[in-house]
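K.L.:
model the structure of this input:
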Amino acid sequence: MSGPAAESWIRVRPRGLYVVPGDFYIDPSAGVDTAVVTHGHGDHLRPGHRRVLATAETLAIMDVRLPRKRGPERRALAYGERIGIGDATVRLAPAGHVLGSAQVVVEHRGTRVVVSGDYKRRPDPTCPPFEPVPCDVFVTEATFGLPVFRHPDAAGEIARLLDSLRLFPDRAHVVGVYALGKAQRIAALLRAAGYDRPIRLHPALGPLFDLYRRCGVELGPTEPVAAAAAGGRGGALAGEVVLAPPPSLGEDWARRLADPLAVAASGWMGTRRRARGAGELPLVISDHADWDELLRTFREVGAPEIWATHGREDAIVRAATAEGLRARPLSSIGAGPAA
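P.N.:
Numbering: from 1, shown residues only. Below is the predicted model:
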């Protein structure tokens with residue numbers, strides 16, 4: 001590090017991570033003047049900002065998820081495009097989490113800080129892969145920051161779903177998925193495994209599937225679940241795959257399906273306690289880095305200092321410290337004035 005210490009110009013404020021020389025926030029939790037947003041999930045993309053900088057795909061997701069008559073001023077950044085904001089330089093690098101997801105690379109007077117946002121290291125046909133960026137400080141998520149979380153190969157988990165379809169051809173397989181990222185990844189993984197039948201979609205998923213297709217992501221044929229589940233009688237969609245948000249599985253349409261078999265697809269299915277109450281078929285398919293991948297990423301970016309957030313910070317801090325790195329929770333970085 002040839003420039004000033006990162007903690008002298010990056011602060012944790014009530015609304016989030018604030019970059020002092022650029023006068024902007026990264027993924028702020030409430031409306032601010034200028035926000036650099038890593039991706040389109042609701043805990044990172046919030047309404048109320050005056051200006052938003054993000055990838056074009058994340059801005060398109062914002063239009064779907066936060067429709068407003070008059071939205072914020074926006075600036076689309078391509079991966080690798082550098083811009084100056086105040087006395088800081090910013091560029092985005094792929095994070096491999098969902099469509100449009102990005103790490104924020106901030107440089108100030110010779111010091112480079114990379115804020116990962118959410119990221120994963122597994123192949124995903126629906127978004128560009130994570131790009132390790134050498135830096136002085138790496139701000140990492142720690143969602144699965146415990147040694148118990150070691151995710152299996154996603155293709156093997158999809159094979160379990162296909163095996164279940166063969167074993168229970170008289171049952172509709174209803175997969176509970178997040179509307180952004182998980183749903184499209186499951187569809188793409190099914191296609192890669194050779195599943196070519198139409199995938200049935202809950203209406204809440206349709207707009208984002210359309211967006212992914214507009215962005216060039218191939219997802220194969222899909223059909224709305226509503227038509228097949230209409231009529232008020234059970235027995236619909238035997239042997240078919242249905243994708244739906246988990247909260248919707250108790251709605252009337254689900255009760256019209258053929259003996260629905262509940263499937264949960266999440267990294268949290270890697271623990272017995274979570275999997276036990278998640279349905280009949282838990283699949284360990286995560287859109288976040290697991291324990292080994294977090295530690296591998298630290299080595300690849302070569303940052304001597306790690307700040308951990310969004311998860312099991314203490315375990316990550318201990319593990320990084322054991323590898324000779326300076327590590328601490330992001331919450332311990334000095335706060336600036338309230339904002």
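K.L.:
just the pLDDT for the residue nearest to G42 when sequence neighbours are not counted.
P.N.:
Counting by C-beta to C-beta, 6 or more residues apart in numbering, G42 lies nearest to R65, which is 7.3 Å off, once chain neighbours are set aside. C-beta: built from backbone N, CA, C; applies to glycine. In the prediction, the pLDDT value recorded for R65 is 92.
K.L.:
shaky segments in the stretch 51-200 of the chain?
P.N.:
For the stretch 51-200 of the chain, the stretches with pLDDT under 70 are 69.
K.L.:
ok, P128 - contacts?
P.N.:
Y79, P94, G96 (C-beta atoms under 8 Å, 6 or more residues apart in numbering).
K.L.:
typo on my end, it should be V52
P.N.:
The contact partners of V52, by C-beta under 8 Å, 6+ apart, come to A35, V36, V37, L59, M62, P72, E73, R74, R75.
K.L.:
most neighbours, which of those residues?
P.N.:
Neighbour tally across the contacts of V52 (other C-beta atoms under 10 Å): the maximum, 29 neighbours, falls on V37.
K.L.:
for that residue, phi and psi?
P.N.:
phi -110, psi 130 (degrees, to the nearest 10).
K.L.:
P134: neighbour count?
P.N.:
Around P134 there are 12 residues (other C-beta under 10 Å).
K.L.:
likewise R191?
P.N.:
Count around R191 with other C-beta under 10 Å applied: 17.
K.L.:
next: E223.
P.N.:
By the criterion of other C-beta under 10 Å, E223 has 14 neighbours.
K.L.:
same check, this time on G250
P.N.:
The number of residues packed near G250 is 8, by other C-beta under 10 Å.
K.L.:
and the helices in this structure?
P.N.:
56-65, 154-167, 182-192, 206-214, 225-229, 252-255, 272-276, 291-301, 313-322 (DSSP state H).
K.L.:
any residues touching the first one, and which ones?
P.N.:
The set of residues that contact helix 56-65 without belonging to it, under C-beta under 8 Å, 6+ apart, is 37-40, 42, 45, 52, 54, 71, 74, 76, 78, 99-102, 180, 207-208, 211, 214-215.
K.L.:
tilt between it and helix 206-214?
P.N.:
On the basis of axes from the mean of the first three to the mean of the last three C-alpha atoms, to 10 degrees, helix 56-65 is oriented at 160 degrees to helix 206-214.
K.L.:
pull out the buried positions in helix 56-65.
P.N.:
Residues of helix 56-65 classed as buried by neighbour count (16 or more other C-beta atoms under 10 Å): E57, T58, L59, A60, I61, M62, R65.
K.L.:
could you dump those into a markdown table and include distance to E293?
P.N.:
Output for the buried residues of helix 56-65, formatted as a markdown table (distance: C-beta to C-beta, whole Å):
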| residue | distance to E293 |
| --- | --- |
| E57 | 23 |
| T58 | 23 |
| L59 | 28 |
| A60 | 28 |
| I61 | 24 |
| M62 | 28 |
| R65 | 27 |
